[in-house]
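Q: return atomic coordinates for the entry below.
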Amino acid sequence: MANQLCTPNKLKHKLQLKKYLKPYTCDGCKEIGFGPRYRCEECNFDLHKACMFPQDSPTFHEFFPQSAFEFLKTPPKACHDQCKKFCDACTKTINGFMYHCKRDKDELDLHPCCRNLDKNYKIENVEFNLSNKVEGECMWCKKETINPHVKSNGWSYISKRGKYLVHVACVTEMALEEWHKNGRDWINANNANQDIQLALEKVTLKAIKARGRGEGSKGNKYWKVIKVFIKTIVSIVLGDPTTVLASLFVELIA
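A: Numbers count the residues shown, from 1 in each chain. Have a look, this model is predicted:
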């Protein structure tokens, strides 16, 4: 996929797939990204894969089967200066590339990366589901609602039995917080071809334990399942999960 033209905005950058550990800001959607990205070194220009290769319009999503989304390079013109667009998946502000659907009574908006999240992942008998109906406390932020200005609670990844839940939005916050604490050590310890998930999985498990409100006394089996869950959602939201998922079931039963 190297040397692809940046088709969404017709810029004449020759973007190549790069694998770096350092976080970056996507020049398409303006959101934080980690790991692999399409990049022009000369122009310091980066794109998520989802922003590099947008879906043809109209496109649809399983959560909104009757709603047709259009890919836009910039958000629609606001009705006033204080009016903002929020992603219905992660509830964060939309400042760049997006998928937009105008319905009779309301609108739907999604970041490209949120639009592309897979709904289900199954490793042997362990299943994780993406849900747009959040009922429960996030393991990371300890809240049900992320953004009070958005009508929905956003999307979450939930284990099959509903025991483990993490907001999609919190995965990025989780990764960014740990990067600021440990980023230099990651670069010193890892080469550019290693996936950021391998480092994140270790530090996020430690952070979850620290936020666990006394759950540190739970048995090893509990934390093994948490480790698998965290490793899975980090790989799904921040990168290509296929290289990580193959080993998860082995870790779960070890």
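
Q: any idea whether Glu173 is helix, strand or coil?
A: Assigned by DSSP: H, G, I helix; E, B strand; the rest coil, the conformation of Glu173 is helix.

Q: quick one, what contacts it?
A: Neighbouring residues of Glu173 by CB atoms under 8 Å, 6 or more residues apart in numbering: 140-141. Where C-beta positions appear, they are placed from N, C-alpha and C, glycine not excepted.

Q: give me the low-pLDDT residue ranges for this structure?
A: Counting by pLDDT under 70, the ranges of the chain that qualify are 1-13, 21, 78-82, 121-126, 175-176, 178-254.

Q: where along it do the helices fall?
A: Using DSSP state H, the helices of the chain run over residues 49-52, 112-115, 168-189, 196-210, 220-238, 242-245, 248-253.

Q: ranges for the strands of this protein?
A: Here the chain has its strands, by DSSP state E, at 4-6, 11-18, 24-25, 32-33, 37-40, 45-47, 59-61, 64-72, 98-102, 107-110, 120-123, 126-131, 156-159, 165-167.

Q: closest one to Glu137 among these?
A: Closest approach to Glu137 among the strands of the chain is made by strand 165-167 (7.1 Å; CB to CB).

Q: relative to that closest one, what are the paired strands and their orientations?
A: Note on strand 165-167: by DSSP bridges, its sheet partners are strand 156-159 (antiparallel).

Q: domain-wise, how is the protein divided?
A: As assigned by automatic domain parsing, the chain contains the domains 4-52, 59-114, 117-254.

Q: for the strands of the chain, which one sits closest to Cys90?
A: Nearest of the strands of the chain (CB to CB): strand 165-167, 7.6 Å.

Q: tell me which residues are up against the closest one.
A: 90, 134, 136-141, 146, 154-159, 174, 229-230, 233.

Q: how far away is the residue lying closest to Gly28 once chain neighbours are set aside from Cys26?
A: Of all residues not flanking Gly28 in the chain, Cys51 sits nearest, at 3.3 Å (CB to CB, 6 or more residues apart in numbering). Cys51 is 6 Å from Cys26, where distance means CB to CB, to the nearest Å.

Q: coming back round to it: buried subset of the contacts of strand 165-167, written for PyMOL?
A: The following PyMOL line selects those of the contacts of strand 165-167 that are buried, judged by 16 or more other CB atoms under 10 Å:
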select buried, resi 90+134+138+139+140+141+146+154+155+156+157+158+159+174+229+230+233
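
Q: now that Met98 has come up, it's in contact with Pro75, right?
A: Yes - counting by CB atoms under 8 Å, Met98 does reach Pro75; the two are 6.0 Å apart.

Q: I'd like the strands of the chain as CSV, with distance to Cys83 appended.
A: Output for the strands of the chain, formatted as CSV (distance: least, CB to CB, whole Å):
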stretch, distance to Cys83
strand 4-6, 29
strand 11-18, 28
strand 24-25, 23
strand 32-33, 24
strand 37-40, 30
strand 45-47, 27
strand 59-61, 24
strand 64-72, 16
strand 98-102, 14
strand 107-110, 11
strand 120-123, 35
strand 126-131, 28
strand 156-159, 27
strand 165-167, 24
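
Q: I appreciate the help and will end here.
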